[in-house]
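Chemist: Please work out how this folds:
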Amino acid sequence: MRDELRLLASLAGPFPAFDIDLTPDEPRQLFSDWLRDAIVAGIKEPHAMVLSTVDENGGPDARVLILKNLDHRGWHFATTGNGPKGRQIALNPAVSLTFYWPALGRQVRLRGMALQAEVHERDADFRARAPGAKAVALTGRQSDVMGSRQELEDSLRDQHRRLEDEPALVAPSWALFIVMPHEAEFWQGDGERRHHRLRYRREKAGWAKEQLWP
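Modeler: Numbers count the residues shown, from 1 in each chain. Now for the predicted structure:
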């Protein structure tokens, strides 16, 4: 496996230029620009991100989710509140988000606190989901051990019936979180490994910007 991995190309480029002197004073605008660049470049699922949390024993956990929104408060994502992600955040709201767009050689890492959005925002998010996604959430058994696939099919059939009877139904365990970062790092890859790294740190007066060694 080692030899096979060494034959795989990495950071082949070409990649966009990155002038740190031209970056905005806060990370949200730069992130928005990079995300739009990824969309224009045709990168598949450019809004996919890795959410990292810690469990009750301090063990790390990570999974891929979809960014739902970005506003002045922070980065939004939704999940079943009584699943592992929701339980871990309830115990420790310190999380990190990681975005990676390999075709552009770009990565963004955010560290901050995950806070629950307003109830009306959570409800609107759930109601905007596809019927199948709503039915899965309504089963309320994310990550539980499943005896057979038929259990899932039977439960989903019941949830679809509920949604037909109550189109405005919202899963009581649904949660919409907003990550308010205190640190954001933007990484622009370089084929010669002379990467550009820009870190934003939140301070009382605003954001401080720092260049980091590759």
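
Chemist: Next, count neighbours for residue 158.
Modeler: By the measure other C-beta atoms under 10 Å, the count of residues near residue 158 is 12. For the C-beta atoms, the positions are set from N, CA and C on the backbone; glycine is no exception.

Chemist: So it: helix, strand or coil?
Modeler: When states are read from DSSP: H, G, I helix; E, B strand; the rest coil, the local structure at residue 158 comes out as helix.

Chemist: ok, it to residue 140 distance?
Modeler: Residue 158 sits at a distance of 12 Å from residue 140 (criterion: C-beta to C-beta, to the nearest Å).

Chemist: helix, strand or coil for the residue positioned nearest the centre of the chain?
Modeler: If you average the C-alpha coordinates of the chain and look for the closest C-alpha using C-alpha atoms, centre = their mean, you land on residue 49, 3.7 Å from that point. At residue 49, secondary structure determined by three-state DSSP is strand.

Chemist: I'd like the next helix or strand past the strand or helix carrying residue 180.
Modeler: Using DSSP states H and E, residue 180 sits within strand 174-188. On the C-terminal side of strand 174-188, the nearest following helix or strand under DSSP H and E is strand 196-203.

Chemist: what angle do the following helix or strand past that following strand and strand 196-203 make?
Modeler: Heading C-terminal from strand 196-203, the first helix or strand you meet, by DSSP H and E, is strand 206-212. Calculated by axes from the mean of the first three to the mean of the last three C-alpha atoms, to 10 degrees, strand 206-212 forms an angle of 150 degrees with strand 196-203.

Chemist: now what about strand 206-212, what contacts it?
Modeler: By C-beta atoms under 8 Å, 6 or more residues apart in numbering, the residues outside strand 206-212 that reach it are 20, 23, 25, 26, 27, 185, 196, 197, 198, 199, 200, 201.

Chemist: of those, closest to residue 42?
Modeler: Of all the contacts of strand 206-212, residue 42 sits closest to residue 196, with 23.1 Å by C-beta to C-beta.

Chemist: Sweet, I'm off.
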